[in-house]
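K.L.:
got a predicted structure plus its sequence, pasted below:
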Amino acid sequence: MSDDSSAHPLLAPRDLDAPLAWRAGVPVSGHAFLADVARQAERMPAGDGPVVNLCNDRYAFAVALGAALLRGQPSLLPPDARPETMARLSELHGALKAVTDEPTLPTPGLPKVLVEVRAGTDTGERAPLAVPVIDGSLHAVSLLTSGSTGAPQPHAKQWRTLVGDVEAAVGRLADFLQRPSLAGVTLIATVPVQHSYGLESSALLALLGGAAFDSGRPFFPADIVAALAAVPRPRALVTTPFHLKTLLLAGIDIPPVDLILSATAPLSPQLAAQAEQATGGVLVEIYGSTESGQVATRRPTQSEVWETFGQIRVSAQAGADGAEQFVFDGDFIPQPTPMADVLELLDDRRFRLFGRANDLIHVAGKRSSLGHLNYHLNSIPGIED
């Protein structure tokens, strides 16, 4: 990864005249994005305290994130804007202000700053702006865990960690596409950008990985198809097993998709094969966590084995309670990070995923999990989940 002590640009090297984002089928150049970020930075709250980024539009989110980085302000990324979530954030961080692109969005207890963008509508002449450089040690975002293993907890990420996270993934994803880079690839994501997977694989993969992204968040199958059709190829769909299964069962024609990214839950091999057949693309699963970031991939139609990104290594270690745990370390990961899953290590970079540690079972003296058994059952022709 990049030198930890250095600063890193807000945008990776790219053609700033080419689309960085698409909004309702209209391209937004890198130059237009930088202009929107500079204007929004002037509107951000005074001081260097954190802001809560509640933008629903993915482009507005990226503008607000960029503006906060310019001002040296961390962005808190909650999963929702419920009063109890806002109260929890205020307890942890003190007085906060919400940044949103929706004027009518309730932000209980938090003053609101509106994100306004001109991309696609501003035709005035302006001199191109230089790409800002951000201190690598800056506290860039705080992501919240899902809460599946307890109360949701915030996890702070420095800018250099986010940069390294994306840098580690770009080469692998470009290889799957058989392209030298991700330049020209447009990302359409069904997952919220405030989620770690949605952040890494949409907004940041564009800003720091050279791709472009669609500003929407299509949910229903017809909306996903319309979003795909509105942007040029090569296209990448960033989704989940639930959204993907719903799309395939809808019985509607899907435009060609060159790359499908799936995360948040294991994908059955049957569904992966159906997705590749229906779209003509390559399906890649991503493994990781809020704490670690994305750490490994596999192509389930070819292998059940996961391979780590870059210089990331995984090892089995004894936890504080003496139980075996699997720890990921190296590359962009700031410190060794255990996962809440049971793995079978093939070496220090390749592994099989059995499932959650609390899902563990023993069959005929061999360790497995309900999730891993489901995976193999779904590999049998004729089995329908």
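P.N.:
Received it, and whenever you're ready, just let me know what you need. A quick note: this is a predicted structure, and the numbers were derived from the prediction, not measured. Residues are numbered from 1 along each chain as shown.
K.L.:
where do the strands sit along the stretch 51-200 of the chain?
P.N.:
Ranges of strands in the stretch 51-200 of the chain, per DSSP state E, counting those that start in this stretch, are 51-53, 75-77, 97-100, 112-114, 133-135, 139-144, 154-158, 186-189.
K.L.:
and the ones you listed as a markdown table, adding mean neighbour count, mean pLDDT and distance to residue 239?
P.N.:
Backbone N, C-alpha and C define where each C-beta goes, glycine included. Formatted as a markdown table, the entries for the strands of the stretch 51-200 of the chain read as follows, by neighbours: other CB atoms under 10 Å; pLDDT from 0 to 100; distance: least, CB to CB, whole Å:
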| stretch | mean neighbour count | mean pLDDT | distance to residue 239 |
| --- | --- | --- | --- |
| strand 51-53 | 25 | 95 | 22 |
| strand 75-77 | 24 | 95 | 19 |
| strand 97-100 | 24 | 94 | 25 |
| strand 112-114 | 16 | 93 | 30 |
| strand 133-135 | 16 | 97 | 29 |
| strand 139-144 | 22 | 92 | 19 |
| strand 154-158 | 19 | 92 | 23 |
| strand 186-189 | 26 | 98 | 7 |
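K.L.:
ok, which of those comes nearest residue 318?
P.N.:
With CB to CB as the criterion, residue 318 lies closest to strand 154-158 of those, at 23.6 Å.
K.L.:
that older thread, quick one: closest of the strands of the stretch 51-200 of the chain to residue 354.
P.N.:
Distance to residue 354, taken as CB to CB, is lowest for strand 154-158 among those, at 24.5 Å.
K.L.:
how about residues contacting the closest one?
P.N.:
Taking CB atoms under 8 Å, 6 or more residues apart in numbering as the criterion, the residues outside strand 154-158 that touch it are 74, 76, 89, 92, 136-145, 290-291, 293, 334.
K.L.:
could you do stretch 76-91 as well?
P.N.:
Under the contact criterion CB under 8 Å, 6+ apart, stretch 76-91 has outside partners 50-54, 93, 96, 98, 105-110, 141-144, 146, 152, 154, 192-195, 199.
K.L.:
start and end of that stretch, how far apart?
P.N.:
Stretch 76-91 has an end-to-end distance of 13 Å (criterion: CA to CA, to the nearest Å).
K.L.:
quick one, grab the pLDDT at residue 26.
P.N.:
We have a pLDDT of 94 for residue 26.
K.L.:
what's the spacing between it and residue 66?
P.N.:
When distances are taken as CB to CB, to the nearest Å, residue 26 and residue 66 turn out to be 19 Å apart.
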